[in-house]
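Colleague: Requesting a structural model of the entry that follows:
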Amino acid sequence: MELKSNHSSPVLTDPIPVNNSRLGIHSNLLSYQQSGGSLSSGKYMTIPRKKPGKLEDVWSNGWLEAMRSSSPPRKRLIKDKDFTIEAAADDFDIAYCSWMIKYPSALKSFDQILKNAKNKKVAVFLDYDGTLSPIVDDPDRAFMSDSMRSAVRDVAKYFPTAIISGRSRDKVYELVGLTELYYAGSHGMDIMGPMSHAESGDHPNCIRSTDQQQGKEVNLFQPAREFIPMIDEVFKTLVENTKDIKGANVENHKFCTSVHYRNVEEKNWPTIAQRVHDILKDYPRLRLTHGRKVLEIRPVIDWNKGKAVEFLLESLGLSDRDDVLAIYIGDDKTDEDAFKVFRERNLGYGILVSSVPKESNAFFSVRDPSEVKKFLKALVTWKKFEKA
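Modeller: Residues are numbered from 1 along each chain as shown. You can find the predicted model right below:
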């Protein structure tokens, strides 16, 4: 996406065209060069601690409205064998039942999914937070259960499987801990893919490497590599400028950075939004996106989770084939980019994890991580019987 700035209020606009290869990947993947130099010059602006700007900025550009819309509604706890789930109090009302007609349960629709998967190569893509693990107040404690880990391991035995997360690739691997998978961190801007099909020479931002954690040769695809110094600088500035806001938590995901406000009192949301705004307006090559109680700062490049899925399918030798059915399960706004690609290219099924009604590009839904686990186990059971 292109971000235009008048140094007062960053504005998000539609993505601008880039020169495309099969996946839209070239060395000029960066959407544009700002007048006055490029990232390769090594010159970055140092931002001093600022006085808070006018709160009208974050009202006028819609940030506060977006922050509130990403805030979950009133909750109650539902206990599962492996999870304690926060579910909306009005889950079972008429609105939710109507929503389920448009996004039917993937579990109840499992036979339909299997009918279309018959005689096809199935590939599985999974978000992490809110999909394999419950949403928790402390992101560092978003642990997946042993039974979920076992279910994901079993899926990877039968199907090519990848985790695509907003977290850094190293962090999500630390949380999942399975060498059988492929990992894409930073919303797909840091992809560890297989060596067997995509050679590093095919893509300028793809390098051959030996993964230290897994001990095998892989391709590392990092389309935003030259943004790392800028992201690191913004991360440090955000930490400094939000340290006095109780509950604020800033994470560096290497190719993007996140400002969590889940534990910030709502009366202080305008303050945290304004602090982020004041910093970001001086970085016109970075853009802001909204997640579940998180502000995410990313490079302005034509790349997202949908592009990451396309890249991984090509790496696996599954691109442009009629006998492939891909499944993507995720819960956040950033997963919508993947759901949209699935619809546009007829790749397979997007499955939204949500216990409350919300618009989506997904085909099906599940309520929470416990239902994700049931779905994954059902996939494995089907494949075992199919091979028997």
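Colleague: worst-scoring helix or strand of this protein, pLDDT-wise?
Modeller: Lowest by mean pLDDT, DSSP states H and E among the helices and strands of the chain is strand 11-12, with a mean of 37.
Colleague: now for the helix ranked longest in the chain, which elements pack on it?
Modeller: Scanning the chain for the helix with the most residues, using DSSP state H, yields helix 369-387. Here helix 369-387 touches helix 110-117, strand 121-126, helix 146-158, strand 324-330, strand 348-353, strand 364-366, going by 3 or more CB pairs under 8 Å, 6 or more residues apart in numbering; DSSP states H and E. Heads up, the C-betas are built off the backbone N, CA and C, glycines and all.
Colleague: Go again with 10 Å.
Modeller: strand 84-88, helix 110-117, strand 121-126, helix 146-158, strand 324-330, strand 348-353, strand 364-366 (3 or more CB pairs under 10 Å, 6 or more residues apart in numbering; DSSP states H and E).
Colleague: That helix: which residues count as buried?
Modeller: 369-373, 375-380, 382-383 (16 or more other CB atoms under 10 Å).
Colleague: got the angle between that helix and helix 146-158?
Modeller: If you take axes from the mean of the first three to the mean of the last three CA atoms, to 10 degrees, helix 369-387 sits at 30 degrees to helix 146-158.
Colleague: Centre of the chain to helix 369-387, how far?
Modeller: 23 Å (CA atoms, centre = their mean, to the nearest Å).
Colleague: Over to stretch 235-244?
Modeller: On CA atoms, centre = their mean, the centre of stretch 235-244 falls 23 Å from the chain's centre.
Colleague: What of stretch 307-325?
Modeller: With CA atoms, centre = their mean, you get 18 Å for stretch 307-325.
Colleague: mind listing what's buried in that stretch?
Modeller: For stretch 307-325, by 16+ other CB under 10 Å, it's 307-316, 318-319, 324-325.
Colleague: Equivalent analysis for stretch 114-125, please.
Modeller: So for stretch 114-125, counting by 16+ other CB under 10 Å, buried means 114, 117, 122, 123, 124, 125.
Colleague: Save those residues as JSON lines, and put in distance to residue 298 too.
Modeller: Output for the buried residues of stretch 114-125, formatted as JSON lines (distance: CB to CB, whole Å):
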{"residue": "114", "distance to residue 298": "37"}
{"residue": "117", "distance to residue 298": "33"}
{"residue": "122", "distance to residue 298": "30"}
{"residue": "123", "distance to residue 298": "25"}
{"residue": "124", "distance to residue 298": "25"}
{"residue": "125", "distance to residue 298": "19"}
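Colleague: List just the nearest of those to residue 270.
Modeller: residue 125 (36.1 Å; CB to CB).
Colleague: doesn't residue 156 make contact with that closest one?
Modeller: No. At 11.8 Å, residue 125 and residue 156 do not qualify as touching, with contact defined as CB atoms under 10 Å.
Colleague: where do the contact lists of those two overlap?
Modeller: Contact criterion CB atoms under 10 Å, 6 or more residues apart in numbering; residues shared by residue 125 and residue 156: 162, 182.
Colleague: Among the buried residues of stretch 307-325, which lie within strands?
Modeller: 324, 325 (DSSP state E).
Colleague: Local confidence estimate at the closest residue to residue 225 other than its chain neighbours?
Modeller: Nearest residue to residue 225 in three dimensions, chain neighbours excluded: residue 205, at 6.4 Å (CB to CB, 6 or more residues apart in numbering). Predicted confidence (pLDDT) for residue 205: 70.
Colleague: Give me the average confidence score over whichever strand or helix holds residue 173.
Modeller: Assessed by DSSP states H and E, residue 173 sits inside helix 169-176. In this model, helix 169-176 has a mean pLDDT of 94.
Colleague: I'd like the buried residues of stretch 114-125 laid out as CSV, including pLDDT.
Modeller: Converted to CSV, these look like this (pLDDT from 0 to 100):
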residue, pLDDT
114, 94
117, 94
122, 97
123, 98
124, 98
125, 98
